[in-house]
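Peer 1: Fold the stuff below for me.
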Amino acid sequence: MVSSLKQWAIDLIGYDPQVVAAASSTHAVAGLTRDLPKKGVVYVKTLFPFTRWITHYNLTWALGDLIAGLTVGIVVVPQGMSYAKIATLPVEYGLYSSFVGVIVYALFATSKDVTIGPVAVMSLEVSKVIAHVQSQEGGMAYSGPVIATALAFICGVIVLAIGLLRLGWLVEFIPAPAVSGFMTGSAISIASGQVPGLMGYSSKFNTRAATYKVIINSFKYLPSTTRDAAFGLTTLTFLYVVRAVFGRVEARAKNPILKRIAFFALTMRTAVALIFVTIFSWVYLRNKAVKDYPISILKTVPSGFQHMGAPKGISGDLIGRLGPLIPVSTIILLLEHIAIAKSFGRINNYKIDANQELVAIGVSNLMGTFFNAYPATGSFSRSAIKAKAGVRTPLAGWVTGVVVVIALYALTGAFYWIPNAGLSAVIIHAVFDLIASPKQVYSFWKVSPLEAIIWFAAVIVTVFSSIENGIYTSVAASAALLLYRIARPSGHFLGRVRVHAETAEVSPLPRTHRDVYVPVNPDGVRNPLVVVEAPPPGVIIYRFSEAVLYPNASYYSDVILAYAKKHTRSGQNFEEVKAGDRPWNDPGPSRFAKSEPVAEGQLTRGQVEAAKPILRAVIFDFSGVSNIDTTSIQNLVDLRRSLERYADRAVPFHFATILSPWIKRALLAGGFGTGVEVRERPLEIAPVVPSGQDRQPITRHGGLIHLSHFQRRHPQSGPTSPPNGPAGSVSGKSSDTGTAADLELGGVPRPEKRPVTPDEPEVAEDGDEEAIVSTLTPRFHLDLTSAVDAAVGGEW
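Peer 2: The predicted structure is shown next:
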């Protein structure tokens, strides 16, 4: 009874042991769940990468970290205050973000160079979020710092979750040109928004409007320039002059000491500029009343961590108001940091863990909410300074944190006199480094013109619309390009080129050669003067260039079917068939069509068609196929059925270089590989809507053809093709060549093996030579040469 029920269940689901044996789901699951406690320990260790190097810390590393940390600290203080201005927040919030970022990141980082803190693009997005929330009804109940802290909390949770779940590979779906495009557009937007502050007329118009409007208004209000321009333009000029002079010295100096001096001069130019402009501001304003100040200055900056504590004001209502802008804020947080970390990893010869970097960003922003910090991510300019300063470990961030704390507690009195125009100059100078150079843009064009177009689209949309739309445009365009490349791959029909070894001396021995298979038509890669030998008549060799998946499966099938119909003729002669018995999709020539005159010596269309061969075999090169799915198998089944009905004979499909056991399993499930045809194969591998019938309804005449076709196609004597012989493939006759020796069988017939248990792996004994490709699947081949030999034998 039990055995009967088991057999009934097997028949019900169509269980096939050969298919299941090709790739076992049980083994795959067992591999994933094996050693779970050990994997759990490894996972926890990866969350704290500092444990791998902290025990090796030494004085040499400490000296390098001290210098790098101090150098970055001198830069991060003015930059942090400047970027807080971009975010429309009081300047102390930029220092809060700078402190938390560098302290927390050191414990979770896999990059020694990256510095976490406020950055220009994220600060611009924070200002957009604050304006968005406060523009809504009831939105003014939330202050800018509360909104910014809530955004840091939400983005931190999302990014931390992505990192903990090891989903960092999602970032790879956005290519470098798209990132560069919206970064360039954002930099232009930030710089143009700071020009009014530099010139002293920022109160005359909305500097948060679309970038092109801000640029137009900046020119329009030039006559309204105030004395702020004297401080702003002086600072900006000083920054660029020092950069030009000492940059040239650093590049050309051969003395390492001189190079080092030039580097530190370049690094400290921002701090020096602000010190001098602050002194000039104090001298100019010290004897004037506050209300009579002719220039705009920072004024009072609270000392210390005035707002430290549990985050306040984060509610469901506020999160709901932030909702529409959370995705773009998270994307900026992810992309900018990962792009910077990978860049410095390549430059300094180490590899980052993208997932762990996301954990580091997430934890940094979550901890930042207790300091009322706003979203922080990796800074390119400060990371470059840190790398050049000779940083040795991420612990240099703690030195930077100490500098920020000193600034918060000891220098806030001096910050009172910093001119806002000077901070605008610092911002403009910093963000211009984010704008892609013409050389870089042209490199995008040289590598991939379509991606260069995406770059231009991202910049244009950012400038003429908003940074959010610029990001969405670049991401959407990149996704569309990726889908197009998957859905319309460039496979190739192949022919043969015989390559001979080139020797300098004349040898009496025959020249050795090997066969390579290249596209029949010129592909722009190989030498077009080399003659490619086409396959034997009726044989098609096709190389897939992408994974065969549902977006491209139908396209592949259509291309192969169209090629077969163009280069081979139908095996059925419908000339003598009544019009009523012909299929509707091949009704023949129109009865009203006029016959075209045929010149002397010219073949008629019928003669041209009759001269074509009948399709005999199809060979697929699967060396480029990394995955396959149900829809693609269904399309291969449909393709085989269409080709066999067109040729009116069995058409064997051979597969070379199968890369995965799961691909092999899928092909076996579709009835490929064994050489044994299932007589009543269902029309669909996995029907979406069960039709209740296994075969198509056909006409009486079609039934006669169908019956005779399947009588020829399904002999009862076993496989129609031997493991490596053309007899069954070409003539359809059975041939017993199960012990044929060739490359796929290891060179000798299989020796008789002892029986093994189902759980015991079969291992070759000493001295045995085993089959490389199973003899149970004679139409799966080790390489393309073996597949061609099996399909056509010595004919080619």
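
Peer 1: Would you quantify the distance from the closest residue to T88 other than its chain neighbours to V214?
Peer 2: In space, and not counting its chain neighbours, T88 is closest to S127: 4.6 Å by CB to CB, 6 or more residues apart in numbering. Every C-beta, even on glycine, is put in place using the N, C-alpha and C of the backbone. To V214, S127 is 13 Å away according to CB to CB, to the nearest Å.

Peer 1: Also F50?
Peer 2: F50 is 44 Å from V214, by CB to CB.

Peer 1: Please say which of these two ends up with more neighbours.
Peer 2: Remark: of F50 and V214, V214 carries more neighbours, 22 against 16, as counted by other CB atoms under 10 Å.

Peer 1: element containing the more buried one, please.
Peer 2: Using DSSP states H and E, V214 sits within helix 211-220.

Peer 1: got it, and K664?
Peer 2: Here K664 is assigned to helix 661-669, by DSSP H and E.

Peer 1: which of the residues in that helix are buried?
Peer 2: Residues of helix 661-669 classed as buried: I663, K664, R665, A666, L667, L668, A669 (neighbour count, 16 or more other CB atoms under 10 Å).

Peer 1: One more: stretch 470-478?
Peer 2: Burial within stretch 470-478, assessed by neighbour count using 16+ other CB under 10 Å, is assigned to G470, I471, Y472, T473, S474, V475, A477, S478.

Peer 1: Would you confirm that the last one contacts A176?
Peer 2: I take that to be S478. No. In this structure S478 lies outside contact range of A176 using CB atoms under 8 Å: 10.0 Å.

Peer 1: which element follows the host helix or strand of S329 toward the C-terminus?
Peer 2: Using DSSP H and E, S329 maps to helix 326-347. Next along the chain after helix 326-347, taking DSSP H and E as the criterion, comes helix 354-368.

Peer 1: circling back: restricted to helices, list the buried residues of stretch 470-478.
Peer 2: G470, I471, Y472, T473, S474, V475, A477, S478 (DSSP state H).

Peer 1: Go through the residues you listed and say which is closest to Q18.
Peer 2: Taking CB to CB as the measure, Q18 lies nearest S478 of these, at 42.1 Å.

Peer 1: Leaving out sequence neighbours, find the closest residue to that closest one.
Peer 2: Once flanking residues are discounted, S478 sits nearest to A178: 4.7 Å by CB to CB, 6+ apart.

Peer 1: residues contacting the one you found?
Peer 2: E451, I454, W455, A458, S474, V475, A477, S478 (CB atoms under 8 Å, 6 or more residues apart in numbering).

Peer 1: mind putting those residues in a markdown table, pLDDT and distance to A354 included?
Peer 2: A markdown table is the format used below for the contacts of A178 (pLDDT from 0 to 100; distance: CB to CB, whole Å):
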| residue | pLDDT | distance to A354 |
| --- | --- | --- |
| E451 | 94 | 21 |
| I454 | 95 | 22 |
| W455 | 96 | 23 |
| A458 | 94 | 22 |
| S474 | 92 | 19 |
| V475 | 92 | 17 |
| A477 | 95 | 23 |
| S478 | 94 | 18 |
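
Peer 1: Out of the residues you listed, the closest to A251 would be?
Peer 2: Nearest to A251, judged by CB to CB, of those is W455 at 27.9 Å.

Peer 1: Give me the three-state assignment for the closest one.
Peer 2: Under DSSP: H, G, I helix; E, B strand; the rest coil, W455 falls in the helix class.

Peer 1: okay, the spatially closest residue to it that is not a sequence neighbour: pLDDT?
Peer 2: Of all residues not flanking W455 in the chain, G181 sits nearest, at 4.0 Å (CB to CB, 6+ apart). As predicted, G181 sits at a pLDDT of 93.

Peer 1: Can you tell me how far G181 is from S478?
Peer 2: As for G181, its distance to S478 is 10 Å (criterion: CB to CB).

Peer 1: and for these two, which residues touch both?
Peer 2: With CB under 8 Å, 6+ apart as the test, G181 and S478 both reach I454.

Peer 1: give me the element the residue nearest to T88 is part of.
Peer 2: Judged by DSSP H and E, S127 forms part of helix 120-134.

Peer 1: for V618, what are its contacts?
Peer 2: V539, I540, Y542, I560, A564, R640, L643, V651, P652, F653, H654.

Peer 1: do that again at 6 Å, thanks
Peer 2: Shown in contact with V618 (CB atoms under 6 Å, 6 or more residues apart in numbering): I540, F653.

Peer 1: if I look at it, how far off is T46?
Peer 2: With CB to CB as the criterion, V618 and T46 are 47 Å apart.

Peer 1: before we move on, back to that, so what's the gap between the helix holding V214 and the chain middle?
Peer 2: On the basis of CA atoms, centre = their mean, to the nearest Å, helix 211-220 sits 37 Å off its chain's mean C-alpha point.

Peer 1: so what secondary structure elements neighbour the very next helix or strand once past that helix?
Peer 2: Next in sequence after helix 211-220, counting helices and strands by DSSP H and E, comes helix 228-252. Contacts defined by 3 or more CB pairs under 6 Å, 6 or more residues apart in numbering; DSSP states H and E place helix 228-252 against helix 256-267, helix 269-285, helix 420-431.

Peer 1: orientation of the first one relative to helix 228-252 in degrees?
Peer 2: Computed with axes from the mean of the first three to the mean of the last three CA atoms, to 10 degrees, the direction of helix 256-267 lies at 160 degrees from that of helix 228-252.

Peer 1: Check the longest one too.
Peer 2: Note on geometry: by the same axes, to 10 degrees, helix 269-285 and helix 228-252 are set 150 degrees apart in direction.

Peer 1: So which residue of the chain lies furthest out from the middle?
Peer 2: N287 (60.1 Å; CA atoms, centre = their mean).

Peer 1: Quick check: pLDDT value at that one.
Peer 2: With respect to pLDDT, N287 scores 89.

Peer 1: Now do it against Y517, distance only.
Peer 2: Separation of N287 from Y517 (CB to CB): 88 Å.
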